[in-house]
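> This is a predicted model, with the sequence first.
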Amino acid sequence: MTVNLRHVELFRHIMHLGTLTQAAETMSVSQPAASKMLNQLERSTGIILFQRMKGRLKPTRDGELYFAEVQRTWESVERLERMTKDIRELQFGRLNLGVMPMLAGTLIPPLLTRFCRQHEKTSVKLHSRSSDRIIEWVIAGQIDVGITEHFTPHPNVICRLIARIPNVCAVPEGHRLAGLKTIRPEDLDGENFVSIGSPDRRIFVEKVFEQAGVLPRMFIDAPMANVASALVANGAGIALVDELNAHSFIGRGLVAKPFAPEIFSPVWHLRPNTLTGSSLADALIRDIEDELKRLGYSADS
């Protein structure tokens, strides 16, 4: 059985409007043409849809049952058409986003709020984990976009450096170093120091101190930059923290000072090459890059 959707559309209009004449006008066809289309639909389905009573059409029981199924199908088609339009206009979709903690609590919340308001039918699942865990997810194709502090040479992953965020020296308000214009490694000799993040970062920072011949006291090892900043704000010690997290604690017990030599936290955009590209994911990463640039951070920083 082959059913012509145009004929089904006519049937639907008849059921809604009550007469063949009005249905024909709605579809911009003549009444004889509409009558022929209805007869063809009944022949193709093998169902008597209407009783003809003195020029009027009354739905049969089979016609009513057929109409109920037509309605369900038509609503599904209309939803599909709306979804197609929304996807084309970047208004609908689902994104899995993995972001390192450094940005998950600073840059991402206001940016993602704006993005979801602009793309109202978009569902975003935000994961904040270590860069190493996010890399694992990207390799496995479990997330659409990864924002990390590290890159990976894995063949399943496309990596691109999108920004470098300078680190500052975070010191408690009232500390003896809070009045310095720039803080150098030798200024931290003997100070309580709050280290952050992965062993690789800790080794790198320790080398900076070692090259300057100074030895801070590694007092607390914090998992994330915001935790380190909170510790500094409470007087626990001094930390080298990315500028975004440090600035979120200014006026709350923390003072941020430039540090020399400069230390940067890289921001990498990772995506699995095993997944089909998404225009919605592309739009989100563009927003992230634009926001980083607006704040003065780029890959050439």
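Looks like it arrived, so ask away. Numbering: from 1, shown residues only.
> biggest strand in this protein by residues?
Ranked by residue count and defined by DSSP state E, the top strand of the chain is strand 157-172.
> what inclination does the next helix or strand after that one have with respect to strand 157-172?
Sequence order places strand 192-196 as the next helix or strand after strand 157-172, per DSSP states H and E. Put simply, strand 192-196 runs at 160 degrees to strand 157-172, going by axes from the mean of the first three to the mean of the last three CA atoms, to 10 degrees.
> And for strand 192-196, what's in contact with it?
Residues outside strand 192-196 that contact it (CB atoms under 8 Å, 6 or more residues apart in numbering) are 201-202, 205, 216-225, 228, 231-232, 236-241. Any C-beta I mention is one placed from the backbone N, CA and C, and that applies to glycine too.
> which parts of it are buried?
192, 193, 194, 195, 196 (16 or more other CB atoms under 10 Å).
> And for the third one, nearest residue in space, chain neighbours not counted?
When you say that, I think you mean residue 194. Using CB to CB, 6 or more residues apart in numbering and skipping the chain neighbours, the partner closest in space to residue 194 is residue 239 (4.1 Å).
> Over to the first one?
Nearest non-adjacent residue to residue 192, counting by CB to CB, 6+ apart: residue 237, 3.4 Å away.
> so what's residue 57 up against?
Contacts of residue 57 by CB under 8 Å, 6+ apart are 14, 19, 20, 50, 51.
> Bridging across strands, which residues link to it?
residue 52 (DSSP bridges).
> Can you check the pLDDT for residue 252?
pLDDT for residue 252: 94.
> and it, how many neighbours?
For residue 252, the neighbour count with other CB atoms under 10 Å is 11.
> wait, isn't it in contact with residue 233?
Yes: between residue 252 and residue 233 there is a contact under CB atoms under 8 Å: 5.4 Å.
> Restricted to helices, list the contacts of residue 57.
14, 20 (DSSP state H).
> which of the contacts of residue 57 lies closest to residue 150?
The closest of the contacts of residue 57 to residue 150 turns out to be residue 14 (CB to CB; 64.3 Å).
> who touches that closest one in this structure?
By CB under 8 Å, 6+ apart, residue 14 lies in contact with 20, 23, 38, 50, 57.
> what does residue 16 give?
residue 23.
> Can you classify it by secondary structure?
helix (DSSP: H, G, I helix; E, B strand; the rest coil).
> Would you mind measuring from it to residue 60?
To residue 60, residue 16 is 17 Å away according to CB to CB, to the nearest Å.
> The helix ranked longest in the chain - what's its average pLDDT?
Determined from DSSP H, the single longest helix within the chain is helix 61-88. Averaged across helix 61-88, pLDDT comes to 80.
> Find the nearest non-adjacent residue to residue 11, please.
Nearest non-adjacent residue to residue 11, counting by CB to CB, 6+ apart: residue 41, 5.8 Å away.
> how much space between residue 64 and residue 48?
Using CB to CB, one gets 12 Å for the distance from residue 64 to residue 48.
> Make sure residue 37 is indeed in a helix.
Yes: judged by three-state DSSP, residue 37 forms part of a helix.
> and it, what does it touch?
Residue 37 sits in contact with 4, 6, 7, 10, 29, where contact means CB under 8 Å, 6+ apart.
> just to revisit the earlier point, need the contacts of residue 14 in JSON lines (columns: distance to residue 104).
Converted to JSON lines, the contacts of residue 14 look like this (distance: CB to CB, whole Å):
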{"residue": "20", "distance to residue 104": "61"}
{"residue": "23", "distance to residue 104": "56"}
{"residue": "38", "distance to residue 104": "60"}
{"residue": "50", "distance to residue 104": "61"}
{"residue": "57", "distance to residue 104": "62"}
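> Torsion angles phi and psi at the residue nearest to residue 192?
Per-residue torsions, residue 237: phi 170, psi -160 (degrees, to the nearest 10).
> surely it meets residue 220?
Yes: here residue 237 reaches residue 220: they are 6.5 Å apart, a contact under CB under 8 Å.
> Of these two, which one has the most company?
Using other CB under 10 Å, the more surrounded residue of residue 237 and residue 220 is residue 237, with 24 against 17.
> how much space between that one and residue 184?
For residue 237 relative to residue 184 (CB to CB), the value is 17 Å.
> likewise residue 202?
With CB to CB as the criterion, residue 202 and residue 184 are 19 Å apart.
> on that earlier part again, pLDDT value on the residue nearest to residue 11, please?
Residue 41 is given a pLDDT of 90.
> what does the one 5 residues further on give?
The model reports residue 46 with a pLDDT of 91.
> Tell me where the model's unsure across the protein.
Residue ranges of the chain with pLDDT under 70: 1, 83, 85-93, 301.
> And for residue 134, nearest residue in space, chain neighbours not counted?
Closest to residue 134 by CB to CB, 6+ apart is residue 98, at 3.9 Å.
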